[in-house]
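Student: what would the 3D arrangement of this be:
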Amino acid sequence: MDDLWCWRLDRLTCAFSVHRTCHGDLFEHMIEHVGDVLTAAAAPPVGLSCGPLGAVQAADREIGRQTAVRARAVAEFAASRPASVDRAQGSPGAMSAERWAGRAEVLRPVSEWATQELAIALSLTGEAAQSLLERSLILVHRLPATLEALEAGVLHPGHLWPLLDKVAPIADDTVRAALERDLLAWAGRRGTVCTPAQLRDKARREVLKRAARSAADDLARAVRQRGVSGRPDRVEGMSTVSALLTTPEAAALIAALGAYADVLPEDGRTRGQKMADCLLDLVLRPTESGLPPV
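Tutor: Residues are numbered from 1 along each chain as shown. Predicted coordinates:
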C-alpha cells in the first residue's frame, strides 16, 4: 500500500475512533465496508477527514453504497415478477391498453402489480414506487459502472440524475458504456470536486460531441410524455398543476395568459394571480361571459 493510501487509511481510522462511541452501531457497520471502498477499482476523489467532517463523509458514502444495494435489490425483485404471469390484455382486472402503452420500456417485462407491491412495502405512492422501479432497472441494466462508482464512493446519489438523463437513453450499448466509463473517470479525478451540475454539463457536451443520441428521437420521446398533472403543495389547501409541453407550446400559453391578464383593471391582484384566474376562467367556464372573476 503506497503512502497515499496509508494516509487515507490513517485519516479514516481517526474519524471512526473519534466518533465510534458517539454514533454506535452506524459507524461499526460502516467500518465493515472500509476495505471495500479502499480496494475498489475507483476511489473517491477526496480523502476522508478526521473528526466530525470525516464522519459526515463516511455517512454520505454509506448512503451512496446503500442506494446501490437498494437498486440491485429492487431489480432482483422485479425479475421475480415477470409480466408473463399477468392477465392477458383485455381480460377483466388487467391493466388497460392505454396505461400499458404509457409504461416505460424498461418496465414492459415486469408485472403490472410489482409497482403496487413495492408501494405497500416501502409506504410510497404508486408514482414514487414506479419511479424507483424504473430507475433501479435502468441503473442495473444500462448503467452498471455507475452503480459500482456509487458503491466505491466516487459518486453520491445526486450524481445519478445526470447519468440517468443524459447517458442511460443512449440505445447503442457500446457507445453508452464508453461514455459512461469516460464520464466516471472524469468525475473521479483525484483531488477535484465534481458536483452534479458539473457532471450534467460534461455529459451534455460529450453526448453532443459524440452524436450519441438523435435530437429528433429525443424530442419525439419527450412529446409522447406531454401531459398535465397535479400534486398537493406544501401549503395546506393549495395544489400545483404542472403541464409538460413543448417549448413553443409553453411560450404561447404563457404569452396568451399574460396578454389576458394585462387587459384586466388594477384590483390588487398580481399579474401572476390574474394569469391563474384567466386560466381557470378559460378552462372551467369557456362559454360563459359577464360573470365576476374566479
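Student: hey, where'd the strands end up in this structure?
Tutor: 227-232, 239-244 (DSSP state E).
Student: for the first one, packing partners?
Tutor: The elements that strand 227-232 packs onto, with contact taken as 3 or more C-beta pairs under 8 Å, 6 or more residues apart in numbering; DSSP states H and E, are strand 239-244. In this view, the C-beta of every residue, glycine as well, is placed from N, C-alpha and C.
Student: partners of the strand it packs on in the sheet?
Tutor: Partners of strand 239-244 in the sheet, by DSSP bridges, are strand 227-232 (antiparallel).
Student: how much distance is there from the partner strand to the middle of the chain?
Tutor: Chain-centre distance of strand 227-232: 18 Å, with C-alpha atoms, centre = their mean, to the nearest Å.
Student: just to revisit the earlier point, now the strands of the chain as TSV including distance to R65, mean neighbour count and mean pLDDT?
Tutor: Output for the strands of the chain, formatted as TSV (distance: least, C-beta to C-beta, whole Å; neighbours: other C-beta atoms under 10 Å; pLDDT from 0 to 100):
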stretch	distance to R65	mean neighbour count	mean pLDDT
strand 227-232	31	10	86
strand 239-244	33	11	89
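Student: export these as a markdown table, with columns for distance to W113.
Tutor: Below are these laid out as a markdown table (distance: least, C-beta to C-beta, whole Å):
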| stretch | distance to W113 |
| --- | --- |
| strand 227-232 | 23 |
| strand 239-244 | 27 |
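Student: closest one to V110 among those?
Tutor: Of all the strands of the chain, strand 227-232 sits nearest to V110, with 22.0 Å by C-beta to C-beta.
Student: nearest to R210 among the strands of the chain would be which one?
Tutor: Using C-beta to C-beta, the nearest of the strands of the chain to R210 is strand 239-244, at 27.4 Å.
Student: contacts for the closest one?
Tutor: Here strand 239-244 makes contact (C-beta atoms under 8 Å, 6 or more residues apart in numbering) with Q225, R226, G227, V228, S229, G230, R231, P232, D233, A250, L253.
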